[in-house]
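J.: Output the structure for:
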Amino acid sequence: MHKTHAEARTACQDVGGELTSIPDQQTQDQLVKQSNEYSGWSGSEILAYTGGRRVGNTFQWPNGTVYSTKGSSKWTLIGYNAWGSNQPSDNGDCMMFHGQRTGSIYVWTWYTAQCTLERYYICSYLETRELSLDQSQYSVVAGQTFNVVISISRQSTQPLDISYTFNGVTTSLETSTTNYSSTISLTMPARDTTITVNVVGFTVPSCALSVTSQVKQVQSTLTSSFVIASSTQRKSVSCTITGYSRPTARWYRNSAQVSTSSSSNVYQSSTNVNSFTGVSTLYIQPGMQAGEGGKYVCKPTNWNGGANIDKTLYCCCTNFTCFQNQCPTSVHLHFIWLSIASDFMEKE
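T.: Got it, this is the predicted structure:
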């Protein structure tokens, strides 16, 4: 629908926009491209209102930026301009986006005209888009596959190039002009890393968004996987769990949680070293009995990442019966060999 300049500006503002400004070559090229792709023009010559308007002896954009000024007899061009031949002139106070049909396209320049003419008009909008990932941090076990959901909050009026960088490798996703959401599957390396998503305007590179999330390796470690109780001193093995928020570690034997009382022959003490590290230490007292030996398992109590990060400790007392009934085969055979060697030496 054709409108006067005042009507056109009101129409743009009513939908949250403004008559367009053309401050640089990049914007001019974008308007030319979009205008030549628009199928609603009719006629060999097009005039469309922009936000440019004469104020005294200057032409200004709606934000007050001056791009042309008139001295005593002629106009001086300031900054970027795309005026047509013999323009600007004194035949009007409004700057039009002027298209002259040449073959199958229009050649576009700037042109002055009366502001009361009813003509096409071009609005521009500040696109407020939010790029986000579904988590601010991902906690994953090495080798495990995990999903990342990328979202852009609203539709874009220009194409967007979308890519992500994970573990030092950049991958292009696609060019999109719609509300965007995509799920990508990644495999966790054996170290902490980051994932960064970049969105760049295909035709206006200055339109860019970027978001980065931490990817933490979840792991559990033991200071030892095997311990032999001493008859004279307390032994200890620590289990450390890292990589996710406030991890807690607990020791279990036969599915029952190990006591936290220091008066027990075997007990545990747990703590959070920092926001991403939890430690539980298993203590074996000199008075440990044969029935208290065997397999102890350190488990994270608040990990739901889908992968098993339990750690197993074999704990044995100091007499042969305990080894025979509770310990791994390799240790059992080792002490059988010692017993046979002792018998042989006695027979000698």
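J.: What residues of the helix or strand containing residue 271 count as buried?
T.: In this structure, residue 271 sits in strand 266-274 according to DSSP states H and E. Neighbour counts over strand 266-274 (16 or more other CB atoms under 10 Å) mark 266-268 as buried. In this view, the C-beta of every residue, glycine as well, is placed from N, C-alpha and C.
J.: try stretch 68-82
T.: 68, 75, 81-82.
J.: a markdown table for those, including pLDDT?
T.: Formatted as a markdown table, those follow (pLDDT from 0 to 100):
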| residue | pLDDT |
| --- | --- |
| 68 | 94 |
| 75 | 91 |
| 81 | 95 |
| 82 | 95 |
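J.: what's the farthest-apart pair in those?
T.: By the measure CB to CB, 75 and 82 form the most distant pair in the buried residues of stretch 68-82, at 13.7 Å.
J.: mind checking which helix or strand of the chain has the lowest mean pLDDT?
T.: The helix or strand of the chain with the poorest confidence is helix 329-347; it has a mean of 41 (mean pLDDT, DSSP states H and E).
J.: so where do the strands sit in the stretch 1-150 of the chain?
T.: 18-19, 45-55, 58-60, 66-70, 75-77, 94-102, 105-113, 120-121, 123-124, 131-133, 137-141, 145-152 (DSSP state E, counting those that start in this stretch).
J.: export those to a markdown table and tack on distance to residue 275?
T.: Shown next, in a markdown table, are the strands of the stretch 1-150 of the chain (distance: least, CB to CB, whole Å):
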| stretch | distance to residue 275 |
| --- | --- |
| strand 18-19 | 46 |
| strand 45-55 | 51 |
| strand 58-60 | 53 |
| strand 66-70 | 53 |
| strand 75-77 | 59 |
| strand 94-102 | 56 |
| strand 105-113 | 57 |
| strand 120-121 | 55 |
| strand 123-124 | 45 |
| strand 131-133 | 20 |
| strand 137-141 | 11 |
| strand 145-152 | 20 |
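J.: Residue 184: which of those strands is closest?
T.: strand 145-152 (5.3 Å).
J.: ok, now which ones touch residue 59?
T.: By CB atoms under 8 Å, 6 or more residues apart in numbering, the contact list for residue 59 reads 52-53, 66-69, 88, 95.
J.: same thing but 7 Å
T.: 52-53, 67-68, 88, 95 (CB atoms under 7 Å, 6 or more residues apart in numbering).
J.: As JSON lines, those residues with distance to residue 274 would be great.
T.: Compiled in JSON lines, these are given as follows (distance: CB to CB, whole Å):
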{"residue": "52", "distance to residue 274": "58"}
{"residue": "53", "distance to residue 274": "60"}
{"residue": "67", "distance to residue 274": "56"}
{"residue": "68", "distance to residue 274": "61"}
{"residue": "88", "distance to residue 274": "66"}
{"residue": "95", "distance to residue 274": "61"}
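J.: If you rank those residues by neighbours, which is first?
T.: residue 95 (28 neighbours; other CB atoms under 10 Å).
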